[in-house]
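Student: how would this look folded up:
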Amino acid sequence: MPSLLPPFLALLCFGPPAPALRAPPAASSSSSSSAGPAAEEPWCPYKVVAEGAAAGGRLCFRTPARGFQCAARTCRSHRSPGGALVANVLRNGSVLLQWGPPRPAAGLRGFALNCSWDGTYTRFPCDSVELGAACRDYLLPEAHGSVRYRLCLRPRYAPPRPAPPAQCVEFRVEPAAMRDIVVAMTAVGGSICVMLVFICLLVAYITENLMSPAAANAPRRA
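Tutor: A predicted model of the protein is given here:
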């Protein structure tokens, strides 16, 4: 893949915008050499294959989220048992998946991302994604709340090299209703504070202007 895409390919399809990025950490020379030139590609090509579709989806491109760090207040990280796949669940309901370069890197063709979620009595598959060899992250724009997801990433190599075992991570997204309840409680709490201040001022005004003259005009006893 060339370093820059032609304009008509760049305008063809883009993925969702990446979250706010911080300065990427300094990478060691060994990691940069093992990653190879594919890690420096400015675009991540991918295809979303709908469940049950016979043909592949449309080819799209997204900007990699290099240097993203999961902040404790706005993000929660979930790691696969091997630690190679990380799911960063953001407060807005989106999920950013991150993984490192596989080993060996020779013959790598891309990655296959499979998704499923738990129902009441069974597990349901969702759309799968085919990613290019240069991809090191993928953003799920919106995940359903109160649903336990299982995402598995498997590297794809050219034959005859067999595919290694997939790295799987499970997580649950905070329901959107819960986020709305927190916002509503914050707004209601502020309104209650304003009402309490108004009531206190009103009581002070009544005590100062209505009760004091009545006490002054009361007959004094000898």
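Student: hang on, L202 is in a helix, isn't it?
Tutor: Yes: checked against DSSP: H, G, I helix; E, B strand; the rest coil, L202 lies within a helix.
Student: And the pLDDT at it?
Tutor: What the model reports for L202 is a pLDDT of 78.
Student: go on, G100?
Tutor: With respect to pLDDT, G100 scores 89.
Student: isn't it right up against A84?
Tutor: Yes: the pair G100 and A84 passes the contact test of Cβ atoms under 8 Å, sitting 6.2 Å apart. C-betas here are computed from N, CA, C, even on glycine.
Student: Which of those two has more residues huddled nearby?
Tutor: The neighbour count for G100 versus A84, taken as other Cβ atoms under 10 Å, is higher for A84 (18 against 14).
Student: For the nearest residue to that one once chain neighbours are set aside, give the beta-bridge partners.
Tutor: Distance criterion Cβ to Cβ, 6 or more residues apart in numbering; nearest residue to A84, sequence neighbours excluded, is Q167 at 4.6 Å. Following DSSP bridges, Q167 is listed with bridge partners L153.
Student: where's Q167 relative to N114, distance?
Tutor: Computed as Cβ to Cβ, to the nearest Å, the Q167 to N114 distance reads 11 Å.
Student: okay, and the common contacts of those two?
Tutor: Taking Cβ atoms under 8 Å, 6 or more residues apart in numbering as the contact rule, Q167 and N114 both touch 152, 154.
Student: Going along the chain, name the strands of this protein.
Tutor: 44-49, 59-62, 75-79, 85-90, 95-99, 108-118, 123-125, 128-132, 137-140, 148-157, 167-172 (DSSP state E).
Student: Dump these to a markdown table, plus mean neighbour count and distance to T207.
Tutor: Output for those, formatted as a markdown table (neighbours: other Cβ atoms under 10 Å; distance: least, Cβ to Cβ, whole Å):
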| stretch | mean neighbour count | distance to T207 |
| --- | --- | --- |
| strand 44-49 | 19 | 68 |
| strand 59-62 | 17 | 65 |
| strand 75-79 | 16 | 51 |
| strand 85-90 | 21 | 51 |
| strand 95-99 | 21 | 57 |
| strand 108-118 | 18 | 61 |
| strand 123-125 | 11 | 65 |
| strand 128-132 | 20 | 68 |
| strand 137-140 | 21 | 59 |
| strand 148-157 | 19 | 58 |
| strand 167-172 | 18 | 54 |
